[in-house]
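*Asks:* here you go, sequence then predicted model.
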Amino acid sequence: DSGVTQTPKHLITATGQRVTLRCSPRSGDLSVYWYQQSLDQGLQFLIQYYNGEERAKGNILERFSAQQFPDLHSELNLSSLELGDSALYFCASSVGVNRYNEQFFGPGTRLTVL
Amino acid sequence: AQSVTQLDSHVSVSEGTPVLLRCNYSSSYSPSLFWYVQHPNKGLQLLLKYTSAATLVKGINGFEAEFKKSETSFHLTKPSAHMSDAAEYFCVVSDSNSGYALNFGKGTSLLVTP
């Protein structure tokens, strides 16, 4: 158990819908990262927050957005869902943002878009 | 821009024989390099990491990797494979330019036969 929690574990929805994925980082970690794992794209970085502020952006679609709240939990919002958005979404957290900080991964949320 | 190339998408070994999973990286900055493992329907677990200290890095479960700057390689090895090593392995690079977000390779699927 990494100490990172993600809810829900599974999510099934229809095209065009909007969903919210939630991540609670390990106690004391200020940085949260979101990653997407799909058969087509592999594992790719979406977005990073540090202490409530957006820090870095990866291959995140405009239909996707995220935020980190004052209690440091983070939410990833996916809207106008398409079949291709079906994937495993991981959240990771770390204490800070430097080369020595290990990222700890949550168990993931499996999103299925029908 | 940073990237990693995992040279083999599938590797098959017999139990008790050595494991070699190959990875080349590209980074314009001083990179950190990692190997992660993902067992079927499980999350991501850190095997080992290189962050600019010793070039030979020892990880969990008997795995180790050597950072070779001249060859831009970070190959993962294990002297003797165990059935429980069967999993997907990801070589990962990060650097300061991307806020230390992880950039994953496409993965190598390790099969261990009796």
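*Replies:* Happy to help now that I have it.

*Asks:* list the contacts for whatever residue of chain B ends up closest to chain A?
*Replies:* When scored by C-beta to the nearest C-beta, chain B has residue B:99 as its residue closest to chain A, at 3.3 Å. C-beta: built from backbone N, CA, C; applies to glycine. Under the criterion of C-beta atoms under 8 Å, 6 or more residues apart in numbering or on different chains, the contact partners of residue B:99 comprise A:48, A:50, A:55, A:56, A:97.

*Asks:* buried among these? Need that as a selection in PyMOL.
*Replies:* For selection in PyMOL, the members of the contacts of residue B:99 meeting the burial criterion (16 or more other C-beta atoms under 10 Å in any protein chain shown) are listed in this command:
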select buried, chain A and resi 48+50+55+56+97
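
*Asks:* filtering the contacts of residue B:99 by proximity to chain B, which remain?
*Replies:* A:48, A:50, A:55, A:56, A:97 (C-beta under 8 Å from any C-beta of the partner chain).

*Asks:* picking that back up, can you pull the pLDDT of the residue of chain B closest to chain A?
*Replies:* Looking at residue B:99, its pLDDT reads 77.

*Asks:* measure it to residue B:61 for me?
*Replies:* Counting by C-beta to C-beta, to the nearest Å, the gap between residue B:99 and residue B:61 amounts to 29 Å.

*Asks:* re earlier: from the ones next to chain B among the contacts of residue B:99, which is closest to chain B?
*Replies:* The nearest member of the ones next to chain B among the contacts of residue B:99 to chain B, counting by C-beta to the nearest C-beta, is residue A:56 at 3.3 Å.

*Asks:* which residues touch the residue nearest the centre of chain A?
*Replies:* In chain A, the centroid-proximal residue (C-alpha atoms, centre = their mean) is residue A:34; its distance is 3.1 Å. By C-beta under 8 Å, 6+ apart, the residues touching residue A:34 are A:23, A:45, A:46, A:47, A:48, A:60, A:66, A:74, A:76, A:89, A:90, A:91.

*Asks:* which ones are touching residue 27?
*Replies:* If you meant another chain, say so; for now it's chain A. residue A:3.

*Asks:* actually it's chain B I care about, not the one you picked
*Replies:* If a contact means C-beta under 8 Å, 6+ apart, then residue B:27 has B:2, B:3, B:93, B:95 as its contacts.
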